[in-house]
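Trainee: coordinates only, sequence not included:
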């Protein structure tokens, strides 16, 4: 797979080689991270085709900006931020959806519920597909809040929406996911 | 009924989910990256070349000098043809005139150009004939005029002439001036020779002009200069004409 170095380099050495434009290093960087980043793309995009486009765009950016990584954080986290940003850019300027006013679902107050059957790796595809089925802004908010750990203020700034809109979009996403996943988990 | 997946469930399952893309996208990504890099390099080279060119141009003129100040020029234009002309005003303070006395003026002391022996004035156009014994000619060519059009003409008494330095420039020194003009200025006149001046009045107007004689032609020294004002406004010491 790696044309020159059979040994997996540490991040700093790999980045240094990428900065020199070494093709084998770029390849290695891609090989190490592309699966995880494709998973990110699949959650943020509405289709697999969109996810593949975003993955390409994001890695072109990663290669071009590789010198910006200072080594203070993890390389994977730095790449992930670029991927998430690329995915958000794809949907950032979409026509604003109608503000949704959905009451927060009361996840804890459902009557007589059994423990959640944690989805295994096979269920990840199902969960990701459920997320992809959400409306664009709703999907972005859910991903940023639930998976990436953004606050509503951060999401509002990132998507240029109000915090209230972020909250309502998140509530709507949860409601939709509950509906979509009900046959599987209920 | 099972509990629906919580946020942490989504996070746990999907945060590091690693699906396999349907195709190896690396060749496409690499090609796009290399294209963008070439474009970036091209622009970098263009920018670098422009910078180097600018530096070279800058260096060729380094150190930067302010625009060279033009050499001091006389207030009026010296003649550039065989027939010299002068059309500008002559500021008295900057002129070779040291003093104005009525219709006569005295050149500054630097103007002391002895007249070559034996030179005889001839009658100028429209001027009174002069007596070479008492009216030596003056080398101060300014504007060739036909004074016949501006009669009456009053020829004043000759006044003392001295070597001319015009605004710090000796009039005999440079090639700024036409050969004819220089040749005349280089002539060495005898001290205390007179300057012949014509005072021209335009009809009923009080506008007067001063003319000096150059060989056989008369030349206007002041253009639309009112002689009385000049003589009264300037704090100058008058010298008695000889």
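Mentor: Arrived safely. This structure is a prediction, so every number in the text was calculated from the model and none was measured. Numbers count the residues shown, from 1 in each chain, chains lettered A, B, ... in the order given.
Trainee: Show me the contact partners of stretch A:58-72.
Mentor: Stretch A:58-72 has contacts (Cβ atoms under 8 Å, 6 or more residues apart in numbering or on different chains) with A:11-12, A:15, A:18-19, A:26, A:29-30, A:34, A:37, A:41, A:75, A:78-79, A:82-83, A:86-87, B:25, B:29-30, B:32-33, B:36-37, B:40. C-beta: built from backbone N, CA, C; applies to glycine.
Trainee: Please indicate which of those are buried?
Mentor: By neighbour count, with 16 or more other Cβ atoms under 10 Å in any protein chain shown, the contacts of stretch A:58-72 hold A:15, A:18, A:26, A:29-30, A:34, A:37, A:41, A:75, A:78-79, A:82-83, A:86-87, B:25, B:29-30, B:32-33 as buried.
Trainee: Next step: those residues restricted to helices.
Mentor: Of the positions in the buried ones among the contacts of stretch A:58-72, A:15, A:18, A:26, A:29-30, A:34, A:37, A:41, A:75, A:78-79, A:82-83, A:86-87, B:29-30, B:32-33 sit in helices, assigned by DSSP state H.
Trainee: per-residue pLDDT, the residue minimising distance to the centre of chain A?
Mentor: In chain A, the residue lying closest to the centroid (Cα atoms, centre = their mean) is residue A:40, at 3.5 Å. What the model reports as pLDDT for residue A:40 is 92.
Trainee: Might you report the residue contacts of it?
Mentor: A:80, A:83, A:84, A:87.
Trainee: Residue A:43 versus residue A:145, what's the distance?
Mentor: 12 Å (Cβ to Cβ, to the nearest Å).
Trainee: okay, these two: which has more neighbours?
Mentor: residue A:43 (27 against 21; other Cβ atoms under 10 Å in any protein chain shown).
Trainee: Give me the domain ranges for chain A.
Mentor: Domain assignment for chain A, taken from automatic domain parsing, gives A:11-92, A:121-185.
Trainee: closest one to residue B:58 among these?
Mentor: Of all the domains of chain A, domain A:11-92 sits nearest to residue B:58, with 30.6 Å by Cβ to Cβ.
Trainee: Does chain B have contacts with the strand or helix carrying residue A:165?
Mentor: Assigned by DSSP states H and E, residue A:165 belongs to helix A:163-185. Yes. If you take Cβ under 8 Å from any Cβ of the partner chain as the test, helix A:163-185 does meet chain B, through A:177, A:178, A:181, A:182, A:185.
Trainee: Would you reformat the residues you listed as TSV and include neighbour count?
Mentor: As requested, the residues of helix A:163-185 next to chain B are arranged in TSV below (neighbours: other Cβ atoms under 10 Å in any protein chain shown):
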residue	neighbour count
A:177	23
A:178	17
A:181	18
A:182	12
A:185	21
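Trainee: now those residues in CSV, with pLDDT and distance to residue B:46?
Mentor: Formatted as CSV, the residues of helix A:163-185 next to chain B follow (pLDDT from 0 to 100; distance: Cβ to Cβ, whole Å):
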residue, pLDDT, distance to residue B:46
A:177, 89, 52
A:178, 87, 57
A:181, 84, 55
A:182, 80, 60
A:185, 65, 59
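Trainee: could I get those residues as a markdown table with distance to residue B:50?
Mentor: Shown next, in a markdown table, are the residues of helix A:163-185 next to chain B (distance: Cβ to Cβ, whole Å):
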| residue | distance to residue B:50 |
| --- | --- |
| A:177 | 56 |
| A:178 | 61 |
| A:181 | 60 |
| A:182 | 64 |
| A:185 | 64 |
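Trainee: circling back: against which helices or strands is the helix holding residue A:165 packed?
Mentor: In terms of contacts (3 or more Cβ pairs under 8 Å, 6 or more residues apart in numbering or on different chains; DSSP states H and E), helix A:163-185 is packed against helix A:121-132, helix A:136-142, helix A:152-159.
Trainee: Show me the one of the ones you listed that comes nearest chain B.
Mentor: Closest of the helices and strands packed on helix A:163-185 to chain B is helix A:121-132, at 4.7 Å (criterion: Cβ to the nearest Cβ).
Trainee: Look up the pLDDT of residue 137 for me, please.
Mentor: I went with chain A, as the question did not name one. So residue A:137 comes in at 87 (pLDDT).
Trainee: Sorry, I should have been clearer: chain B.
Mentor: Listed pLDDT for residue B:137 reads 31.
Trainee: now swap in the one 10 residues further on and tell me
Mentor: pLDDT, the model's per-residue confidence, is 32 for residue B:147.
Trainee: Show me where chain A dips below the pLDDT cut-off.
Mentor: Scanning chain A for pLDDT under 70 picks out A:1-9, A:93-122, A:185-186.
Trainee: Any buried residues in the host helix or strand of residue A:63, and which?
Mentor: According to DSSP H and E, residue A:63 maps onto helix A:48-64. Going by neighbour count (16+ other Cβ under 10 Å), the buried part of helix A:48-64 is A:48, A:50-63.
Trainee: in terms of contact, does residue A:158 touch residue A:151 like I think?
Mentor: No. Using Cβ atoms under 8 Å, residue A:158 is not in contact with residue A:151, being 10.3 Å away.
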